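**Student:** I would like the atomic coordinates for the input below:
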Amino acid sequence: MKSNYVAKQLSTVKRWMATALFCMLAIAFVWQGAFFSNTSAMADPAALIASSDAGDRAQEKASRDAGRTKNFIDDAADKVKEAAKSNASKVDQSTDNGSFIERKAKKDAATIQKRANEDASRTKEAVDNTKNVVERTVENIKDAFGK
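**Tutor:** Now for the predicted structure:
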């Protein structure tokens, strides 16, 4: 079993997860910056209503994007686990029953699957935290314009 292949797959998945998290953070900061630069909403009640609607749309979009990102994370974790199972199966087929290499391959596959689940849950938690930051920011802005 080539450990480099599995390691390369894991690093690719981690890179995708980091990219997804970075994009969510960038969206949060863009929304925050866009709302703070809108000073006309303080003087015009019609703009206040529009800002409130935009805030609701921003919250809905953040929730929708977070759901999509979580689905992507689940898919990536499933692909990593499937690759680990496949590699362990190939080793099992090519070796005698009960050999050291076979046991090691199965143990490695179990470890990879466990870590894929852990990484996916940590990344989902980070996505939830980012979504919550966006929603809190939008709520704070709506409260500030509402007063």
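**Student:** next secondary structure after the longest helix seen in the chain?
**Tutor:** In the chain, assigned by DSSP state H, the helix with the most residues is helix 45-94. Counting by DSSP states H and E, the next helix or strand C-terminal to helix 45-94 is helix 100-146.
**Student:** and the angle from that following helix to helix 45-94?
**Tutor:** If you take axes from the mean of the first three to the mean of the last three C-alpha atoms, to 10 degrees, helix 100-146 sits at 180 degrees to helix 45-94.
**Student:** distance from the chain centre to helix 100-146, please.
**Tutor:** Distance of helix 100-146 from its chain centroid, counting by C-alpha atoms, centre = their mean, to the nearest Å, is 6 Å.
**Student:** please apply the same query to stretch 98-107.
**Tutor:** In terms of C-alpha atoms, centre = their mean, the centre of stretch 98-107 is found 33 Å from the chain centre.
**Student:** where does pLDDT dip in this protein?
**Tutor:** In the predicted model of the chain, residues 1-3, 33-52, 54, 95-96, 146-147 satisfy pLDDT under 70.
**Student:** same for the longest helix of the chain, what does it pack against?
**Tutor:** With contacts defined as 3 or more C-beta pairs under 8 Å, 6 or more residues apart in numbering; DSSP states H and E, the packing partners of helix 45-94 are helix 3-36, helix 100-146. (C-beta placed from N, C-alpha, C; glycine too.)
**Student:** got TSV for the ones you listed, with distance to Asp65 too?
**Tutor:** Output for the helices and strands packed on helix 45-94, formatted as TSV (distance: least, C-beta to C-beta, whole Å):
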stretch	distance to Asp65
helix 3-36	7
helix 100-146	8
